[in-house]
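# After the sequence you'll find the predicted model.
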Protein chains: 2
Amino acid sequence: MSSTISIFDTTLRDGTQGEGISLSADDKLKIALKLDALGVHYIEGGNPGSNGKDIEFFQRVKAFNLSAKLTAFGSTRRKNSIAEQDASLLRIVESGVPAATLVGKAWDFHVHTALQTTLEENLAMIHDSFAFLKMKGMEAMYDAEHFFDGYKHNPDYALAALRKAAEAGADWLVLCDTNGGTLPGEIREIVGRVRAELDTPIGIHTHNDCELAVANTLAAVEAGARQVQGTINGYGERCGNANLCSIIPNLQLKMNYSCLPEEQLGTLTSTARYVSEIANVHMPVGQAYVGNAAFAHKGGIHVSAIMKDAKTYEHVQPELVGNKQRILVSELAGQSNIISKAAELGLDINNNNEKTKEIMNRIKELEHQGYQFEGADASMELLLREAFGEFKPIFQVESFKIHVERTQAGMISEAIVKLNVDGQQVHTAAEGNGPVNALDNALRKSLVQFFPQIDSIHLSDYKVRVIDEKDATAAKVRVLVESTGLDNSWSTVGVSGNVIEASWEALIDSFRYALMNMVKLEISGNEKSERIGLSNH
Amino acid sequence: MSSTISIFDTTLRDGTQGEGISLSADDKLKIALKLDALGVHYIEGGNPGSNGKDIEFFQRVKAFNLSAKLTAFGSTRRKNSIAEQDASLLRIVESGVPAATLVGKAWDFHVHTALQTTLEENLAMIHDSFAFLKMKGMEAMYDAEHFFDGYKHNPDYALAALRKAAEAGADWLVLCDTNGGTLPGEIREIVGRVRAELDTPIGIHTHNDCELAVANTLAAVEAGARQVQGTINGYGERCGNANLCSIIPNLQLKMNYSCLPEEQLGTLTSTARYVSEIANVHMPVGQAYVGNAAFAHKGGIHVSAIMKDAKTYEHVQPELVGNKQRILVSELAGQSNIISKAAELGLDINNNNEKTKEIMNRIKELEHQGYQFEGADASMELLLREAFGEFKPIFQVESFKIHVERTQAGMISEAIVKLNVDGQQVHTAAEGNGPVNALDNALRKSLVQFFPQIDSIHLSDYKVRVIDEKDATAAKVRVLVESTGLDNSWSTVGVSGNVIEASWEALIDSFRYALMNMVKLEISGNEKSERIGLSNH
């Protein structure tokens, strides 16, 4: 019988402490939905006591009725005050989440140095805060900050802190290796001793400062911890938090614990990549399990052995985590993804026909150039429909030009666009806030006379990523554009050595996709005008 | 008494199996010199049997009389042949190195499936090959491929393979977790059993497919292994090899083993960054011990505690590995971050003076506009130094212009820049791969005549982030630019509604920061010209 390990995701809270990571309430909402689909048990949304953005997130997320338990983060009450009047604790309760995590000191050195209060007062702070949350009917977790360092210096006091939280009704005692300096053997031993002393379920929260966060988490589970706190891709302060994308498959595929339903484990790779896209953080190709090179084999002896039996050089089947094998010499892209996407669109595609081979080759070639369709469904759909003769672009581009100039009066950006719409040449110019906005405006101006509904769509996100970092401003860039309208949103991609050209490609795809759907709506009756009116705010 | 662990670096051999890593003989030479200065015991230079580049490397490296022992890599002899006539083994001997590592099968499944020979013949291949190397007077190491997988399936055969090598005189038995799928507990147990069976010293070689390579290495050392194989920054096939930059400080600072002389451990960070430069691989900011963010503090509470005592949030002193503490300035933090940043720069700032208030307001205002300084240390430093009158820009921008056009011949991007350098007007134009690259080129062209050292810096990363997503192409964007030169890298930021202007700002800051430091070097003597000359290849 396998034990269940609760997965507690703190990407939205501790993950945002990572350098260069900053998530809007919108970003947080998107990631929360993806985490919920992955099947994690807890989603820590943020700190309503210190952050207005997080309050907005907790309000908006309610509409989605997630299966995961949402949790809010805060600290034990301030020293020499009353829990019932603590503004941060009150805001946690007001946020309406069913569960909360409070961090509190467990290392005597920190009580003296950082908190600057007495050991007794710190214990009272822990006790009062948990008693308050439990009185409010919430599930309550104690993040015992610096627990392992504290235990090594003063085990009695570290245990006393845990005991206080347990006495006040805390549901979980989460042992934190806050500075990330503890070794697996120490973790194993100390978790074992805590288990012998206390009955409350134990959680583990580690950091990667010794490149041991995953190993430390596994050691704690082996010693009896039943909740694992971590983040997607290991985002977090300094060297990051424990990486759930490695921990979950290790626990589930290798150690016989149960974390996620098997079919959901198969979405791990796409979840990891989605979160890296939203967070706009480059994902290392060699990331364990979910990286693009995690199952990539480079030429020679390895490849010939792999062709005989994949087990020769693969420790698990890549598909179990939603990843795929890649042979770097003769690349065989993920056919099954493409086939299932085409089937979803009602296109007749299968392994055997000639057209399939043609499309696969085309996609392989584009991926080789740096395109990535994981975040660009609409571009993929256009590609597939075009290959099946189901889509013919309504307009053609003859040329475009951009001028950007800094004058005394400020920046000027101007775009000149020449299109051919249904045989008619349209030559337009427009200014904009920047070159891409000027292009967007010129395109709209050209098209709106033919398709007035164009007015109802707008671009809701625009991201640029350098693909080849060798020489950054001369390298290729990938632009992702997200557009919204028609109750819907869709994403498109462009790749070029030139950021303007890449943006232009993604813009053109976006307009083409929108027009394709408008034409379809037109055919299916007058429903269109109402729907488009809706999002024209 | 602490035991000595031999550090065996295979960056130049197994490291080059990593996706996107390719080293010339020149690159290898530079890295070998740096590794030797770090003090590793073995440097595996490559495979003279399969690679002409490696033969060149072995020839050229002789001139440098390294302290580290150079080793060549190869396989046990071909099946059904004679070791004395094996072309690869002969080339290893001819390469003139004092030591060699031979990989040979230890998993019966691989003998059948990949090698396609009998179990007996594989044992003979091992025996003959090591007997041959020993006859030639070389130190010889047996890389027992897939040893742990082999042991789990057929322990007797895996041990028989080791025994054969030992009987033939192998000096080290290196147990390899080739597929990277083994867990630390298994490693510990199996290494312990091998030690009980055989007297030959044991080495450990792990891969990071479960994000456990470091932990697995430490477990093997605890169980008795005395040689550690790994690579700088963990470069290697799929998810990489065991990362020596984490293993060495873990062993030496935390586990009381001796690996490197203490003062050489202090060059670990610069070694890691140097190798990433030569290999042209972006180094993750959060890399343990040596990453740019490994000792960076962001949260307000953390920072105020750090100011009281660094031990509160640092597991080791950063200087021990040649890294340093960084205080990130961000919206999440308070004044204390900015004050300590200024103190780090030697500026006279404190809570009470008027200038501090002025600077705080300026930074608050910039953050409100969308600037984020946590990822842009260099821009922050310029801002602070300018406020204190310690920095005066060496050049002024009078105007710039961009043209981008799609013609029949493809995309053209041209930048025209007018600068004032020390009172002299410089008016230049340049083309580029895209508008930002064209600006970068025009700026360099303008400045290089005054500051030839400009040639030695390059842009290593370029990121664009939309700040307000409501109307994406008309929204503000934040551009982060990372630049690299010498042993150093720095980041700058620009914000504007216009992606070109934001990029321009970040570029200007980057050049100003570089020039400020070049001028400083000039003042501090002629060290500069030598240092800059080195990387100007």
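Perfect, I can see it now.
# Tell me which residues touch A:Leu35, please.
A:9, A:11, A:43, A:68, A:232, A:271 (CB atoms under 8 Å, 6 or more residues apart in numbering or on different chains). Yep, even glycine has a C-beta here, placed from its N, CA and C like the rest.
# So it belongs to a helix, correct?
Yes: looking at A:Leu35 with DSSP: H, G, I helix; E, B strand; the rest coil, it is inside a helix.
# Next one: it from A:Asp461, what distance?
19 Å (CB to CB, to the nearest Å).
# Do you know the pLDDT at the residue of the stretch 51-200 of chain A found nearest chain B?
Closest to chain B within the stretch 51-200 of chain A is A:Gly181: 2.5 Å, counting by CB to the nearest CB. pLDDT recorded at A:Gly181 is 97.
# right, and it touches A:Asp149 too?
Yes: under the criterion of CB atoms under 8 Å, A:Gly181 makes contact with A:Asp149 at 7.2 Å.
# who has more neighbours, those two?
A:Asp149 (23 against 20; other CB atoms under 10 Å in any protein chain shown).
# For chain B, tell me whether stretch A:254-274 is touching it.
Yes: remark: stretch A:254-274 sits within contact range of chain B at A:254-255, by CB under 8 Å from any CB of the partner chain.
# what separates that stretch from the chain centre, distance-wise?
14 Å (CA atoms, centre = their mean, to the nearest Å).
# Could you pull up the mean pLDDT of that stretch?
The average pLDDT for stretch A:254-274 rounds to 93.
# Counting neighbours, show which residues of that stretch come out buried.
Within stretch A:254-274, the residues that qualify as buried are A:254-255, A:257, A:259-260, A:264-265, A:267-274, counting by 16 or more other CB atoms under 10 Å in any protein chain shown.
# Ok, stretch A:130-149 next?
Across stretch A:130-149, burial judged by 16+ other CB under 10 Å covers A:130-133, A:138-149.
# from those residues, which two are the most distant?
Using CB to CB, those span at most 28.4 Å, a distance reached by A:Met138 and A:Asp149.
# related to what we said a few turns ago, which one in the contacts of A:Leu35 is the model shakiest on?
A:Thr271 (94).
# surely that residue meets A:Asp36?
No: using CB under 8 Å, A:Thr271 is not in contact with A:Asp36, being 10.4 Å away.
# coming back round to it: top of the contacts of A:Leu35 by number of neighbours, please.
Within those, most neighbours by other CB under 10 Å means A:Thr11, with 31 neighbours.
# Kindly state the pLDDT recorded for the closest residue to that one other than its chain neighbours?
Of all residues not flanking A:Thr11 in the chain, A:Thr231 sits nearest, at 4.2 Å (CB to CB, 6 or more residues apart in numbering or on different chains). For A:Thr231, the pLDDT comes out at 98.
# same deal with A:Asp471?
Model confidence at A:Asp471 (pLDDT) stands at 51.
# Nearest to A:Pro318 among the contacts of A:Leu35?
Distance to A:Pro318 across the contacts of A:Leu35 (CB to CB) is lowest for A:Thr271, with 15.1 Å.
# who's in contact with that closest one?
So A:Thr271 contacts A:34-35, A:37-38, A:232, A:245 (CB under 8 Å, 6+ apart).
# can you do 10 Å?
A:31, A:34-35, A:37-40, A:232-233, A:244-245, A:264, A:290, A:321-322 (CB atoms under 10 Å, 6 or more residues apart in numbering or on different chains).
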